[in-house]
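Enquirer: what's the 3D shape of this:
(chains A and B)
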Amino acid sequence: MVDRVTKKASLVYFIADNIITSLGFTTSENFQAIREGKSGIEIVKDKNIYPEPFPASLVNTKKLEEEFAKIAVKGHFTRLEKMLILSVTDALKHLDVDIRSERTGIILSTTKGNIDLLEPQKKQMREEDRLHLWKLGRVIAGYFGNPNEPVVLSNACISGVLAINIAAGLIGQGKYDNVVVTGGDIVTKFVVSGFMSFMSLSPGPCKPFDAVRDGLSLGEGAGTVILGNKGRTGENIIFKGGGSANDANHISGPSRTGEGSYIAIGSAFKEAGVTGNDMDYISAHGTATLYNDEMESIAIGRHNMENVPVNSFKGNWGHTLGAAGIVETAMMLTEMKENILLKSTGFEKPGVSIPITVIDKTKNKTLNTCLKMASGFGGTNAALVVQKN
Amino acid sequence: MTPVIETYCHLRNNRIFRDGKLLFESPDTNLKDFLKSAYKFLNPGYAKFYKMDELSKLGFLAAEVLSPAFDKELRPEETGVILSNTHSTWVTDLRHQQTISDTENFFPSPAIFVYTLPNIMTGEISIRHRFRGENAFFIFEKFNPELITDYINRLIMSKKIKACLGGYVDRSTDGYDVFVYYLRSGKNSTQKPKHTAAGMWKLYEII
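Expert: Below is the predicted model of the structure:
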């Protein structure tokens, strides 16, 4: 074991991805929609979720059922499981990765998994253990016939970014040849009522980094990023470095100095052998709460990246929790492949104290080295750096 | 070189064990009273403890037991907290669900909801001891040291952290199970248990 760890780390490549959200069921559908400036956040009137109307970005249930029927599998699956299975299935398409191999690992990122099964009307659908996150991991790994113990990561809103960092490490040390990182969360009464009680939801579609931002919008979705130790012919994007850190400040509010985020970015930079000057673009967490966006701008400023273009996809998809880090990284990779900076939807007027460069118009730019940021409840922060090879 | 365990702790059956030896035994058989008497015994003088959910209290107390061994010379970002369990925040999930099940009596509370994320416990420990290093929370079907020992060792070898709290803190409707350890790189000793999956299995089962 130890010898394997000390062996020279090999390159880790991003080889495939998928995004399932309100804006589409593939990465390219989502990319086209965001390029057109679309937002999937709508006012939802569903008393089964919340007594009052609330804005959220929901996956189209009819389309989900249709797509799932196409892969015609036996057995009963929950709404979230269907999204995850579809997401992994799409990412695996046209790829010579054997998911049934013991050399392929699976990491699942989720905050609450099948928590909707706690609702009284879903009681008859409830199987023993199905509510538990480890079981969700088993259901997904079992569906694909993967022989390895699924790794389930539940670290609030940084789960997706952290899962990619962990996957890269597992490949780098030679434990796996490929790792399928998948993650998701759904909009439930459980989560909506909780965020409502925190009074952190915006009454309209959220406006990351904007002067009049007033809270986040919830979203649901699933995403998949597959990493491997072999690139494909032509241009590749590789994982360069990652890091996580805790603010050690407050369990439900970010540090005012951006300390944890600053440390996580610094750790990712150190591993990648880069500095803020090397960044061509930043995909921020950008939840559109007053404190989060302010905190991120401070962390960006402390790394001297005020002039690096920044956006957040929360204005398009809302906050998709366990999926967020994965779908947002997948979209960052797409921007790099297309050499396009996508407008930060919902942003109009600068509203953070550090003059960061929020992307106000979609435009072309050569993108070589980019940063993904994430932060969450529990004072937790993560970052990762990717680069064209 | 594989890091070694500086110190470890179990919380089981109303007892606290440090390094395999009984440190405290409570006459109380229910968890609520055990947590209260264990807190009084350890006497950390930390009023925020009373606001925490049971899972966070268990993790907090385990860290408190190990804290005399924490290396105070390290910078905050040099200590990580990498924990795991089976039931995530199950008992608190049920509490939050109770507050929203009845439309006539709908009273979700942020003070409960925030604890429906297992890494809040990691946050509570980090705040208390000013640990700002790598953090992660994993869920496995049962105690499973395979991945986290490997992960922590890799973080240490890549010099991202120099010390780490690791282990398992679980709370279910059936009970609780806590095994948490502290390791510090560069303090190798043949006397101390090696931080390997097999080694952690052995320590986990020692009580």
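
Enquirer: geometric centre of the chain: which residue is closest?
Expert: This is for chain A. Here the mean C-alpha position of chain A is nearest to the C-alpha of residue A:325 (Cα atoms, centre = their mean), at a distance of 1.9 Å.

Enquirer: can you look at chain B instead?
Expert: Centre-nearest of chain B using Cα atoms, centre = their mean is residue B:59, 3.4 Å out.

Enquirer: what about the helices in the chain?
Expert: In the absence of a named chain, chain A is used. Secondary structure of chain A (DSSP state H): helices at A:2-6, A:27-35, A:61-70, A:79-92, A:133-144, A:159-172, A:189-198, A:259-272, A:290-302, A:314-317, A:324-338.

Enquirer: sorry, should have said chain B
Expert: B:31-42, B:54-66, B:90-100, B:110-113, B:119-129, B:145-157, B:197-204.

Enquirer: turn those into TSV, including distance to residue A:299 and mean pLDDT.
Expert: Any C-beta I mention is one placed from the backbone N, CA and C, and that applies to glycine too. As requested, the helices of chain B are exported to TSV (distance: least, Cβ to Cβ, whole Å; pLDDT from 0 to 100):
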stretch	distance to residue A:299	mean pLDDT
helix B:31-42	35	97
helix B:54-66	26	98
helix B:90-100	30	97
helix B:110-113	25	98
helix B:119-129	17	98
helix B:145-157	21	96
helix B:197-204	34	98
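
Enquirer: surely the residue nearest to the centre of chain A meets residue A:160?
Expert: Yes: if you go by Cβ atoms under 8 Å, residue A:325 and residue A:160 touch, sitting 2.3 Å apart.

Enquirer: could you tell me which residues touch both of those two?
Expert: Here residue A:325 and residue A:160 share the contacting residues A:109, A:183, A:374, scored by Cβ atoms under 8 Å, 6 or more residues apart in numbering or on different chains.

Enquirer: number of nearby residues for residue B:31?
Expert: Using other Cβ atoms under 10 Å in any protein chain shown, the number of residues around residue B:31 comes to 17.

Enquirer: so who does it touch?
Expert: B:54, B:171, B:175-176.

Enquirer: hmm, which of the residues you listed are the buried ones?
Expert: The neighbour-count criterion (16 or more other Cβ atoms under 10 Å in any protein chain shown) marks B:54, B:171, B:176 among the contacts of residue B:31 as buried.

Enquirer: now render the helices of chain B as CSV, adding distance to residue A:228.
Expert: Converted to CSV, the helices of chain B look like this (distance: least, Cβ to Cβ, whole Å):
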stretch, distance to residue A:228
helix B:31-42, 45
helix B:54-66, 35
helix B:90-100, 35
helix B:110-113, 38
helix B:119-129, 28
helix B:145-157, 19
helix B:197-204, 25
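
Enquirer: and those helices: which comes nearest residue A:140?
Expert: Nearest to residue A:140 among those is helix B:145-157 (16.7 Å), distances taken as Cβ to Cβ.

Enquirer: do me a favour and get the end-to-end distance for stretch B:48-55?
Expert: Start-to-end span of stretch B:48-55 (Cα to Cα, to the nearest Å) is 14 Å.

Enquirer: in that stretch, what's buried?
Expert: Applying 16+ other Cβ under 10 Å to stretch B:48-55 flags B:49, B:52-55 as buried.

Enquirer: other residues contacting that stretch?
Expert: By Cβ under 8 Å, 6+ apart, stretch B:48-55 touches B:31-32, B:35, B:39, B:57, B:60, B:85, B:89, B:91-92, B:95, B:111-112, B:115, B:118, B:120-121, B:124, B:127, B:169, B:171, B:176.

Enquirer: now with 6 Å, please.
Expert: B:39, B:89, B:92, B:115, B:121, B:171 (Cβ atoms under 6 Å, 6 or more residues apart in numbering or on different chains).

Enquirer: ok, residue B:187 - how many residues close by?
Expert: Neighbours around residue B:187, by other Cβ under 10 Å: 14.

Enquirer: what about residue A:69, how many residues close to it?
Expert: 10.

Enquirer: contact partners for it?
Expert: Contacts of residue A:69 by Cβ under 6 Å, 6+ apart: none found.

Enquirer: of the shared contacts of residue A:325 and residue A:160, which is the nearest to chain B?
Expert: residue A:109 (10.8 Å; Cβ to the nearest Cβ).

Enquirer: give the bridge partners for that closest one, please.
Expert: residue A:153, residue A:183 (DSSP bridges).

Enquirer: per-residue pLDDT of it, please?
Expert: With respect to pLDDT, residue A:109 has a value of 98.

Enquirer: right, and it touches residue A:161 too?
Expert: No: Residue A:109 lies out of contact with residue A:161 (Cβ atoms under 6 Å); the separation is 8.7 Å.

Enquirer: of the contacts of stretch B:48-55, buried ones?
Expert: Buried subset of these (neighbour count, 16+ other Cβ under 10 Å): B:39, B:89, B:92, B:115, B:121, B:171.

Enquirer: format the residues you listed as JSON lines; extra columns: distance to chain A.
Expert: Listed next are the buried ones among the contacts of stretch B:48-55 as JSON lines, based on distance: Cβ to the nearest Cβ, whole Å:
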{"residue": "B:39", "distance to chain A": "18"}
{"residue": "B:89", "distance to chain A": "9"}
{"residue": "B:92", "distance to chain A": "11"}
{"residue": "B:115", "distance to chain A": "8"}
{"residue": "B:121", "distance to chain A": "8"}
{"residue": "B:171", "distance to chain A": "13"}
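
Enquirer: can you list the residues of chain B near chain A?
Expert: Proximity of chain B to chain A, by Cβ under 6 Å from any Cβ of the partner chain, involves residues B:2, B:77, B:88, B:97, B:100, B:108-110, B:113-114, B:117-120, B:122-123, B:126-127, B:130, B:132, B:134-141, B:147, B:154, B:157, B:160.

Enquirer: any of those residues buried? List them.
Expert: B:2, B:77, B:88, B:97, B:100, B:108, B:113-114, B:117-120, B:122-123, B:126-127, B:130, B:132, B:134-141, B:147, B:154, B:157, B:160.

Enquirer: so who does the nearest residue in space to residue A:187 that is not next to it in sequence touch?
Expert: Spatial nearest neighbour of residue A:187, excluding adjacent residues (Cβ to Cβ, 6 or more residues apart in numbering or on different chains): residue A:220 at 4.5 Å. When the contact criterion is Cβ under 6 Å, 6+ apart, the partners of residue A:220 are A:58-59, A:186-187.

Enquirer: if I look at residue A:220, how far off is residue B:104?
Expert: 27 Å (Cβ to Cβ, to the nearest Å).

Enquirer: residue in the stretch 51-200 of chain A nearest to chain B?
Expert: Closest point on the stretch 51-200 of chain A to chain B, by Cβ to the nearest Cβ, is residue A:194, at 3.5 Å.

Enquirer: make sure that residue is actually in contact with residue B:113.
Expert: Yes: with contacts counted by Cβ under 6 Å, residue A:194 reaches residue B:113, the gap being 3.5 Å.

Enquirer: stretch A:322-338 near chain B at all?
Expert: No: Stretch A:322-338 is not in contact with chain B by Cβ under 6 Å from any Cβ; minimum separation 10.6 Å.
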